[in-house]
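J.: Kindly generate the corresponding structure for this input.
(chains A and B)
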There are 2 protein chains.
Amino acid sequence: HNFATCWRIQISRSNGKMREKSLTMDTLNPQVKAVEYAVRGPIVTKAGDIERGLQQGQKHPFTEVIKANIGDSHAMGQKPITFLRQVVALCSFPELLDSSSFPEDAKQRARRILQGCGGQSLGSYSASQGVDCIRQDIAVYIEQRDKGVPADWDNIYLTTGASDGIVSILKMLVSGQGRSRSGVMIPIPQYPLYSAAISEMEAVQINYYLDEDNCWALDINELHRAYQAAKEHCHPRVICIINPGNPTGQVQSKKCIEEVLHFAYEENLFVMSDEVYQDNVYSPDCQFHSFKKVLYEMGPEYFNTVELASFHSTSKGYSGECGFRGGYMEVLNLDLEVKAQLVKLLSVRLCPPVSGQAAMDVIVNPPLPHEPSYLQFHKEKRAVLGALAEKAQMTEQILNTVPGIKCNPVQGAMYAFPRIFIPPRAVEEAMSLGISPDMMYCLRLLEETGICLVPGSGFGQREGTYHFRMTILPTTEKLKVLLEKLRDFHIKFLKEYASLEEPKR
Amino acid sequence: HNFATCWRIQISRSNGKMREKSLTMDTLNPQVKAVEYAVRGPIVTKAGDIERGLQQGQKHPFTEVIKANIGDSHAMGQKPITFLRQVVALCSFPELLDSSSFPEDAKQRARRILQGCGGQSLGSYSASQGVDCIRQDIAVYIEQRDKGVPADWDNIYLTTGASDGIVSILKMLVSGQGRSRSGVMIPIPQYPLYSAAISEMEAVQINYYLDEDNCWALDINELHRAYQAAKEHCHPRVICIINPGNPTGQVQSKKCIEEVLHFAYEENLFVMSDEVYQDNVYSPDCQFHSFKKVLYEMGPEYFNTVELASFHSTSKGYSGECGFRGGYMEVLNLDLEVKAQLVKLLSVRLCPPVSGQAAMDVIVNPPLPHEPSYLQFHKEKRAVLGALAEKAQMTEQILNTVPGIKCNPVQGAMYAFPRIFIPPRAVEEAMSLGISPDMMYCLRLLEETGICLVPGSGFGQREGTYHFRMTILPTTEKLKVLLEKLRDFHIKFLKEYASLEEPKR
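T.: Residues are numbered from 1 along each chain as shown, chains lettered A, B, ... in the order given. All right, here's what the predicted structure looks like:
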């Protein structure tokens, strides 16, 4: 570091003038430096380099990089839902409304959306909270999903993907200094947007560990433990839940959600429920319960008091429209003045992308049984969700045949997060290289097989345990190849670092 | 405030339980509270209320609210550029690539963009910096615009509108505490994104005043004054320039840009040049000069050292595609490690909306003379820019006929920012109401005429002077009506508050 600084000064001197760069690692905002985001971390950069190398004819022990690092369905070959894209195209180029090659229900959706846009154009800014009629459609969708629990469109805010909403709500909640600094409870393992946002805002991250031995269930006693311990050094203000889980793939039971909500009620915590995988439930024993519906069923004393923000997205589910950056949040029991502050904060970024809002509208307002696109829409939706369910099961099954790998059922979402045994000699080697053992494992896997996964350390895990996250998004054939290559690699890795100790199962 | 707190506690007690909301104005992040964004401030909320009232049959002294508060071209009736929308529609629904009703050049653009997308779908996440081929097209565009000054696509980052890029770069530059806290030099008047971001990041805002008596020119002596004064209490690190100016509509001379760059070089400041209005230059005496090109012409000692980030957007220019949230930034001389940190920071938000990236691509890569869409594209572009030039001139002329209003030439951008004389008695009345005099003026204008403008206090102005910002975006006929109503209102306002003092011209 000292060497680097000297070197930079020398460079400047050689120009005949003492001029350092104004923005260097030494002067960079330390909160930016502290941010980590493993899903697009160094291993993904390396995968990109290898990919470009392959294209330029470099030799590797494989012909293709398989990216199972990010929940990016279309990049892995999933086809868009026709109806959704028809509506977006009609909104983008309204002359197509006169074309006979588009179905009437798609045209009707597009006309409704354009009516809600300034100058009937997707090119106008929407209101900061989003297009009114889309917010209304979302409220109707939520009421249906939650079997009649009332939803007020005044509580709906369109967002730029779910991430934008999550960051906005967290930003409102962060305040105080020292022991009164806001604490944010997050699951471990977690989706690293949470830890990144907490770092950037200098809030206090409070870890509650999910129970790996119990299908990654949330244990209420662990919540109490984490809360009590954190109270000593910060002010816990908010609890974040990801259901279905990312990276862990579990689906929370209704009883467990009730316990969380009761805990939040008692401890006066704001609840953030990340429900972007609400349509991605595969296990026949599991069902998605929204935090809002469970809160309602706990009675008005809960439903009228607990402050809740829940998040949804166009990027996941069966549509997988990540690139449109669409999403929404619903808030409950927000103080009226605070609500005005939220709108003010959102207004600085003007509005979420309007084509993403249009995509969100189609997801909450799909073709009805009597409409011309109904059959095709449901055929496409079933095909996507059916394939994902099949791949979820296959992933769990094949991984569990590998000695030294143990994988919980992938009940929902798009990921497996198996525990991997890393022999002590490999752990030592990683330590001597100054990287985490699962990072070393994933780097070697990438170099030897072309498979790109994310080390568990990027999501958080109990000390001394190692994992990786892999998506179940490659096509069935490619996923099978991936899993078999992974198995062979793991066995070879174990042999290479074999010691007297037996791999734990 | 005390009353409100008591009331909230009582509400909770009446539920039989002592439970306050966790997020209230008292516990809200004070940095969020400090944010102000006038372009969508209270006056715009009020305009929305009045609009809804009109729809429900409420009586007002007008039949329509005219929104001249925000640079939202399509909402004011501007038609989209056909070629741009064709490309976006083709990308959104690639089945249209087989349709004979789309021109070949639009199809060729769409195919190129889709080739750059994962799975050839607009629904994939792009790389954090944006789609490679779009970044390449942008670099080619910049080289052409700047008459051959080299542009490296590795320095181009797609953004979610220009705002996202501006906030990201500012975030990198903010650090330190107390007297070593980062200071950000901004013009006054300014676009309130800057002051809002500075508040939110708790940086120090350093005002340099533009010279109203000299067509809002930037005066280098004023820069020195502001810098020297700020050095006493913070660490000035960055200078922001908006050219063409928002809200002030001036176009900077090449000489003035040279002076700013020399100053930044000497004082080791990072330069942020907001050039989103680069296509919006109307005055025949003015020409847009990019900061980068001027830096190049100053010689390698400058071009190879001054750190510069410049910003562009799909929202302005002749396309006016605000809703797509497209934009890019080009960085120059960024430290390599810092660049990696920037990519990391951007990766947390995954990627800018891909349809916005596609829109940006069309703007930098329009039809060429031999291509089928060339004539129509240029006809549409000329029509938009021609109408804006005409309205810029008309606005200045009519405003300057009104006693007590003085308007500088609208050389570029989309706004007039005239100075208004407010009689002392009106100033007193506003003070007694606890609002700024130009806020009172704009509120009364809205209530009496339905015209929605933004008070100058939302942008900053020299103490004791008053202004408003109005866009020149309404159609020519509507703009004329607006200006005449405004004239009549102003004369009536002056009469109402008349005192012995004469209005200043």
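
J.: next one: stretch A:48-56 to chain centre, how far?
T.: The chain centre lies 27 Å from the centre of stretch A:48-56; the measure is C-alpha atoms, centre = their mean, to the nearest Å.

J.: Report the buried residues of that stretch.
T.: A:Ile50, A:Glu51, A:Leu54 (16 or more other C-beta atoms under 10 Å in any protein chain shown). Where you see a C-beta, it was placed from the backbone N, CA and C, and this is true even at glycine.

J.: Sort out which of those residues are in helices and list them.
T.: A:Ile50, A:Glu51, A:Leu54 (DSSP state H).

J.: So what's the residue count around the closest residue in space to A:Leu170 that isn't next to it in sequence?
T.: Leaving aside its sequence neighbours, A:Leu170 sits nearest to A:Ala197 (C-beta to C-beta, 6 or more residues apart in numbering or on different chains; 5.3 Å). Neighbourhood size, A:Ala197 [other C-beta atoms under 10 Å in any protein chain shown]: 25.

J.: Also A:Asp213?
T.: The local packing of A:Asp213 (other C-beta under 10 Å) involves 9 other residues.

J.: Compute the distance between it and A:Gly456, please.
T.: According to C-beta to C-beta, to the nearest Å, A:Asp213 and A:Gly456 sit 16 Å apart.

J.: cool, A:Met201 as well?
T.: From A:Met201 across to A:Gly456, the span is 24 Å (C-beta to C-beta).

J.: now swap in A:Asp438 and tell me
T.: Applying C-beta to C-beta, the value for A:Asp438 to A:Gly456 is 5 Å.

J.: what residue ranges in chain A score low on pLDDT?
T.: A:1-19, A:499-505 (pLDDT under 70).

J.: and the helix ranked longest in it, anywhere near chain B?
T.: Counting by DSSP H, the longest helix found in chain A is helix A:374-399. No: Helix A:374-399 lies out of reach of chain B by C-beta under 8 Å from any C-beta of the partner chain, never closer than 12.2 Å.

J.: What is the subsequent helix or strand relative to that helix?
T.: Heading C-terminal from helix A:374-399, the first helix or strand you meet, by DSSP states H and E, is strand A:405-406.

J.: List the residues that contact A:Lys485.
T.: A:Thr449, A:Ile451 (C-beta atoms under 8 Å, 6 or more residues apart in numbering or on different chains).

J.: The same query, at a cut-off of 10 Å, please.
T.: When contacts are counted by C-beta atoms under 10 Å, 6 or more residues apart in numbering or on different chains, A:Lys485 is found next to A:Phe62, A:Ile66, A:Leu445, A:Glu448, A:Thr449, A:Gly450, A:Ile451.

J.: what's the burial count for A:Gln252?
T.: Neighbours of A:Gln252 (other C-beta under 10 Å): 26.

J.: What is the neighbour count of the nearest residue to it once chain neighbours are set aside?
T.: Counting by C-beta to C-beta, 6+ apart, the nearest residue to A:Gln252 once its immediate chain neighbours are dropped is A:Asn243, at 4.5 Å. Number of residues near A:Asn243 (other C-beta under 10 Å) recorded here: 27.

J.: show me the contacts for A:Asn243.
T.: A:187, A:218, A:250-253, A:256-257, A:260, A:273-278, A:288-291, A:310, A:412-413.

J.: just A:Ile166 next, same as before
T.: Counting by C-beta under 10 Å, 6+ apart, A:Ile166 makes contact with A:159, A:191, A:193-194, A:197, A:240, A:272, A:274, A:276, A:309, A:311, A:327, A:329.

J.: what residues are shared contacts of A:Asp438 and A:Gly456?
T.: Taking C-beta under 10 Å, 6+ apart as the criterion, A:Asp438 and A:Gly456 both touch A:Ile420, A:Thr465, A:Tyr466, A:His467, A:Phe468.

J.: Just the endpoints, please. Distance across stretch A:171-179?
T.: 18 Å (C-alpha to C-alpha, to the nearest Å).

J.: what about A:Ile186, is that helix, strand or coil?
T.: At A:Ile186 the chain is in strand, as set by DSSP: H, G, I helix; E, B strand; the rest coil.

J.: Mind listing the residues bridging to it?
T.: A:Asn207 (DSSP bridges).

J.: can I assume it is in contact with A:Ile198?
T.: Yes: with contact defined as C-beta atoms under 10 Å, A:Ile186 reaches A:Ile198; the gap is 7.5 Å.

J.: Show me which of these two is the more surrounded one.
T.: Counted by other C-beta under 10 Å, A:Ile186 and A:Ile198 do not tie: A:Ile186 has more neighbours, with 27 against 23.

J.: need the contact list for the more buried one.
T.: A:Ile186 makes contact with A:192-195, A:197-198, A:205-208, A:226, A:238-242, A:272, A:274, A:460, according to C-beta under 10 Å, 6+ apart.

J.: how's chain A carved up into domains?
T.: Domain segmentation of chain A under automatic domain parsing yields A:2-32, A:33-76+A:378-496.

J.: Tell me which of the ones you listed lies nearest to B:Lys46.
T.: The closest of the domains of chain A to B:Lys46 is domain A:2-32. By C-beta to C-beta, the value is 36.8 Å.

J.: follow-up on the earlier one: shared neighbours, A:Ile186 and A:Ile198?
T.: The contact sets of A:Ile186 and A:Ile198 overlap at A:Gln205, A:Ile206, A:Cys240 (C-beta under 10 Å, 6+ apart).

J.: Mind checking which of the residues you listed are buried?
T.: Among the shared contacts of A:Ile186 and A:Ile198, the ones that count as buried by 16+ other C-beta under 10 Å are A:Gln205, A:Ile206, A:Cys240.

J.: if we can go back for a sec, could you say what helices and strands the longest helix of chain A packs with?
T.: helix A:82-92, helix A:104-115, strand A:405-406, strand A:415-416, strand A:468-471, helix A:476-496 (3 or more C-beta pairs under 10 Å, 6 or more residues apart in numbering or on different chains; DSSP states H and E).

J.: cutoff 7 Å now
T.: For helix A:374-399, the packing partners by 3 or more C-beta pairs under 7 Å, 6 or more residues apart in numbering or on different chains; DSSP states H and E come out as helix A:82-92, strand A:415-416, helix A:476-496.

J.: can you list contacts of the shortest one?
T.: Pointing back at strand A:415-416 there. For strand A:415-416, the external contacting residues (C-beta atoms under 7 Å, 6 or more residues apart in numbering or on different chains) are A:Asn246, A:Pro247, A:Gly249, A:Thr395, A:Glu396, A:Leu399, A:Cys407, A:Val410, A:Arg469, A:Met470, A:Thr471, A:Ile472.
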